[in-house]
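>>> I need the structure of the sequence given here:
(chains A and B)
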Amino acid sequence: EDKVVQSPLSLVVHEGDTVTLNCSYEVTNFRSLLWYKQEKKAPTFLFMLTSSGIEKKSGRLSSILDKKELFSILNITATQTGDSAVYLCAVMAGAGSYQLTFGKGTKLSVIP
Amino acid sequence: NAGVTQTPKFRILKIGQSMTLQCTQDMNHNYMYWYRQDPGMGLKLIYYSVGAGITDKGEVPNGYNVSRSTTEDFPLRLELAAPSQTSVYFCASSSLAGVTGELFFGEGSRLTVL
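Residues are numbered from 1 along each chain as shown, chains lettered A, B, ... in the order given. As a prediction, the model looks like this:
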């Protein structure tokens, strides 16, 4: 059974701090790893990673994948209160599979 | 841009009742999915479809049924509702799941079974 584990499950930081969210996985036939941000409602797409060592960046957010050690990290620098959300990691695996396996998410709270 | 639209947003059911959650997308996506999300948990896949007329079970299909008669619509049917089906349900779609994996989600339907 495919497994995606995120840590920590929750995190409280002050504005301006830098945070690192972790995602490890055990899957058969890894294809890609995705990060989503979920505020009050629907998850919204952040990054998709398929290759080891190549950093994806969008503003203050960045992510990298290590396929040898089977994990990914999501970094957020200079956090703002608008970064408060649940961050979900998901893995697509399996030949011909169209399914994403999600982790439980990390709840990030940024306080002023 | 409507994207993925789900209805209803909220519903309370009694045990044993049935209902259908509606999902429509206007992006001409081939792939559509139904997920449920319980508090503190990730999303679990219920059913998915790779095109009109084709559906398949996900991780937690028991107690649900789907159909896909058109590209746009992917309704989820709950038969004989049970308290264990209390959850938030998300419909999602994607254009090329095997290439990008990016899903576009609806805003969710919160279902309570009492």
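
>>> alpha carbons only for contacts and neighbour counts from here, please
OK.

>>> so which residues of chain A form strands?
Along chain A, the segments classed as strands by DSSP state E run A:3-7, A:10-14, A:19-26, A:30-38, A:43-49, A:56-58, A:61-66, A:71-76, A:85-93, A:100-102, A:106-111.

>>> could you export these as CSV, including mean neighbour count and distance to B:Thr55?
Shown next, in CSV, are the strands of chain A (neighbours: other C-alpha atoms under 10 Å in any protein chain shown; distance: least, C-alpha to C-alpha, whole Å):
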stretch, mean neighbour count, distance to B:Thr55
strand A:3-7, 19, 24
strand A:10-14, 14, 36
strand A:19-26, 20, 26
strand A:30-38, 22, 22
strand A:43-49, 20, 23
strand A:56-58, 13, 33
strand A:61-66, 20, 32
strand A:71-76, 20, 31
strand A:85-93, 25, 18
strand A:100-102, 24, 16
strand A:106-111, 20, 31
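
>>> those: which one's closest to chain B?
Nearest to chain B, of all those, is strand A:100-102, at 5.4 Å by C-alpha to the nearest C-alpha.

>>> surely B:Gly51 touches B:Tyr33?
No. B:Gly51 sits out of contact with B:Tyr33 when judged by C-alpha atoms under 8 Å, with a separation of 10.8 Å.

>>> out of those two, which sits in the more crowded spot?
Ranked by neighbour count (other C-alpha atoms under 10 Å in any protein chain shown), B:Gly51 and B:Tyr33 place B:Tyr33 first, with 28 against 17.

>>> these two touch, right, the more buried one and B:Lys44?
No. Taking C-alpha under 8 Å as the definition, B:Tyr33 is not a contact partner of B:Lys44, at 10.4 Å.

>>> quick one: buried residues of stretch B:44-55?
Going by neighbour count (16 or more other C-alpha atoms under 10 Å in any protein chain shown), the buried part of stretch B:44-55 is B:44-52, B:55.

>>> this completes my enquiry, with thanks.
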